[in-house]
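Engineer: Coordinates for the following, if possible.
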Amino acid sequence: MGKTELDIRKLEEIAGKLRAIAHPMRIAIIELLQDNPKLNVTQIYETLKIEQAGASHHLNLLKNKGVLGSKREGKNTFYYLKSNAINQILDCMSKCGS
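Structural biologist: Numbers count the residues shown, from 1 in each chain. Sure, this is the predicted structure:
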């Protein structure tokens, strides 16, 4: 029974990550970080032409679900993709859609 509980927790974690990336702007952030492995909030919201508050909201959600990591350097916090698995999921979804 312990293995079943572990599997359920793992499935819930995966489902949470999928819900986190299931938004066009969050997919855009992930794709941006695929090409630029380390960006701060300003670089992200200026590149995507969105409000700073919106970018921060999406970044926090992705970070809380374990999709992104962050590292503070001086006054800046830089965001990066935590796992290549998200890239593989997006690539697979992209191929399935064509």
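Engineer: ok, residues contacting stretch 25-41?
Structural biologist: 20-21, 43-44, 47-48, 50, 52, 54-56, 58-59, 61-62, 67-68, 71, 76-81, 86-87, 90 (Cβ atoms under 8 Å, 6 or more residues apart in numbering). (Glycine included, C-beta is placed from N, CA and C.)
Engineer: Among these, which ones are in helices?
Structural biologist: In helices, defined here by DSSP state H, the members of those are 20-21, 43-44, 47-48, 52, 54-56, 58-59, 61-62, 86-87, 90.
Engineer: Which members of those residues are classed as buried?
Structural biologist: Applying a neighbour-count criterion of 16 or more other Cβ atoms under 10 Å, the buried members of the ones in helices among the contacts of stretch 25-41 are Ala20, Ile21, Gln43, Ile44, Leu48, Ala55, His58, Leu59, Leu61, Leu62, Ile86.
Engineer: what residues are up against the spatially closest residue to Gln52 that is not a sequence neighbour?
Structural biologist: Counting by Cβ to Cβ, 6 or more residues apart in numbering, Gln52 lies nearest to Tyr45, which is 5.0 Å off, once chain neighbours are set aside. Tyr45 makes contact with Glu51, Gln52, Gly54, Ala55, according to Cβ under 8 Å, 6+ apart.
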